[in-house]
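Peer 1: here is my input, please return the structure:
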Amino acid sequence: MNNPTCWGACCMQALNNRLILKHQFTTLEGFLSGNGRRCKIPFALVFEENGVYFVETFLEKDFFEDSDFSKRFTLTGVTEKGYKIEIVDITFLQFKHDNCKAKFVCRNYIKLTETKRDLPKNDKKGTEKPIHFLEIEGFNIKFADHTDTKKYWKYGEIDILDVNFDHTTCAIFLQIDGFEENYFQLIFYKAKTGNNILIDFTQRAGYGLLTYKHFKTFRKQFLSFLSLLNGGDVHIRRELTGDYYRIDGSDSEVVYNYSFTEKSNNFTSDYIPINEHHSYSSAIFNQAFRYGLHDFYHNDLKFDLSSIVSSINSAYSTSGIHEAYSILINALEKLCTKYQISIGEFEEYLIDTNLWELSIKKKLLTVLNENKSLIHSDNDKAFDIFKSKIGDINRRKNSTVQKMYDLLQFGCIPINQNVENLITKERHSAVHKGEFGENSSEMIINYQKLDHILRDIILNIIDYRSYRKPLYEYATIDEKKKAYPKKKRETVIHFCSQSIKS
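Peer 2: All right, here's what the predicted structure looks like:
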């Protein structure tokens, strides 16, 4: 929920109904700290409901201040099972002055670190820890790869076709300043419980070693990239890192458990059909992840593509067509502004100044002078107005319309009459009148056109050339091919530190 008051009310309702809260951890000793203050706590109980974590504890007398309800704190300690626990960004839900009992909700994550197991003997202090697994929520996918199962009965193998598409394997190239390794393998498969997806980074033979520090530098873009392919927002529920892990992805030395209301993306766009058939997802993942994430990351730094993806998904899941269209128009104008900022100074004149001054401008003024008497007979002020306009007509105007043409050209979108109507008519009418069609059918078509153009701009920028499933064609195949020609990609060097085991 975006409304903190509503979320707080829901949290209080959950806390008051202890039957639905699931006890997760007990902290035997620890501290509550924040805003330059620190308080020792005797114990704390951690509960979970619908993906959100709650904390109950008792505070020292005189620690609580009335203004604390608007502040964030961190609780640290040791659990009854010996794990170090750090609960980050907890806020007060309730405080009782008679016994100093406090109730909190976690608005970030709980970090658990195992301390009992001995570290590997070859561990070096200061060595960056790898990321082993991610558990993501809201990602809908038909797996591309299958596991072969052989069955035997009595004396031999049974010749029965038993194909189970249960995972997707792909490689990513991503070069980021400050990190040498740039080539990694990902395996997607279903988590052991629920509908979440586990991403496995542990199969590293012939690939690079992705550290947790490295991953955090592109975590935002990685999630947005998944959300773009998914047609709905994707969230991280758990991150598993440290020196050791369980091969099923259920645990590791260090686990980050994120606190947010469970997301179930049953309503996602299939513009990129990763959830339709294993053959589609196979082609899409191999093409999109190989270089697409690299291009998305670097273009996000310039154009904030993540916010555009979020807007597209938000509009798609919004029931009101007017609200959905407004979200997309704002996203388009934001992307236009970001693009203009990125290019800095642009060419001021539309036509070469020598050609303009020595030829075209002279001819236009000659025609105007030849008709001066006729113009004066109709409107004595018109001649001077037209003459001044001709003098300035070659100078490019930095208007919203021109910004949009610039962006569409950069995003390889064909400029046909259909697209021009969006720029010159529908956008203007939507912004100033709240109208973008004469009837409901036309409004839906215009919404789909805007939705598809925004998606295509991003997909073209990152040079994604696999399946797309539009509901509405705003341009012909030939028009799109002409506007989006094949690009020659520069040769890249894959750096992989993990040797292929024999």
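
Peer 1: Ala483: what's its closest spatial neighbour, skipping adjacent residues?
Peer 2: Nearest residue to Ala483 in three dimensions, chain neighbours excluded: Pro414, at 4.0 Å (C-beta to C-beta, 6 or more residues apart in numbering). C-beta coordinates here come from the backbone N, C-alpha and C atoms, glycine included.

Peer 1: before we move on, what SS does the one you found have?
Peer 2: Taking DSSP: H, G, I helix; E, B strand; the rest coil as the rule, one finds Pro414 in the coil state.

Peer 1: same question, Gly206
Peer 2: coil.

Peer 1: for it, what are its contacts?
Peer 2: 185, 496, 498-500 (C-beta atoms under 8 Å, 6 or more residues apart in numbering).

Peer 1: equivalent analysis for Lys487, please.
Peer 2: For Lys487, the contact set (C-beta under 8 Å, 6+ apart) comprises Asp463.

Peer 1: isn't Leu408 up against Ile415?
Peer 2: Yes - counting by C-beta atoms under 8 Å, Ile415 is a contact partner of Leu408 at 6.3 Å.

Peer 1: neighbour-wise, which of the two wins?
Peer 2: When neighbours are counted by other C-beta atoms under 10 Å, Leu408 and Ile415 differ, and Leu408 comes out ahead with 23 against 14.

Peer 1: residue nearest the centroid of this structure?
Peer 2: Ser224 (1.6 Å; C-alpha atoms, centre = their mean).

Peer 1: contact partners for that residue?
Peer 2: Neighbours of Ser224 in contact, by C-beta under 8 Å, 6+ apart: 296, 300, 305-306, 309-310.

Peer 1: residues near the closest residue to Leu21 other than its chain neighbours, how many?
Peer 2: Closest residue to Leu21 apart from its sequence neighbours, by C-beta to C-beta, 6+ apart: Phe47 at 4.1 Å. Using other C-beta under 10 Å, Phe47 is surrounded by 19 other residues.

Peer 1: which strands and helices lie in contact with the helix or strand hosting Leu112?
Peer 2: In the assignment (DSSP states H and E), Leu112 maps to strand 101-113. Judged by 3 or more C-beta pairs under 8 Å, 6 or more residues apart in numbering; DSSP states H and E, strand 101-113 is in contact with helix 4-16, strand 52-58, strand 73-79, strand 84-96, strand 252-258.

Peer 1: run me through the strand neighbours of that strand, direction for each.
Peer 2: Note on strand 101-113: by DSSP bridges, its sheet partners are strand 52-58 (antiparallel), strand 84-96 (antiparallel), strand 252-258 (antiparallel).

Peer 1: tabulate those (JSON lines), appending distance to Asp177.
Peer 2: As requested, the strands paired with strand 101-113 are exported to JSON lines (distance: least, C-beta to C-beta, whole Å):
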{"stretch": "strand 52-58", "distance to Asp177": "35"}
{"stretch": "strand 84-96", "distance to Asp177": "28"}
{"stretch": "strand 252-258", "distance to Asp177": "25"}
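
Peer 1: can you tell which of those strands is closest to Glu239?
Peer 2: When the strands paired with strand 101-113 are compared by C-beta to C-beta, strand 252-258 sits nearest Glu239, at 4.2 Å.

Peer 1: low-confidence ranges, the stretch 101-250 of the chain, go.
Peer 2: For the stretch 101-250 of the chain, applying pLDDT under 70 flags the ranges 118-126, 148-163.
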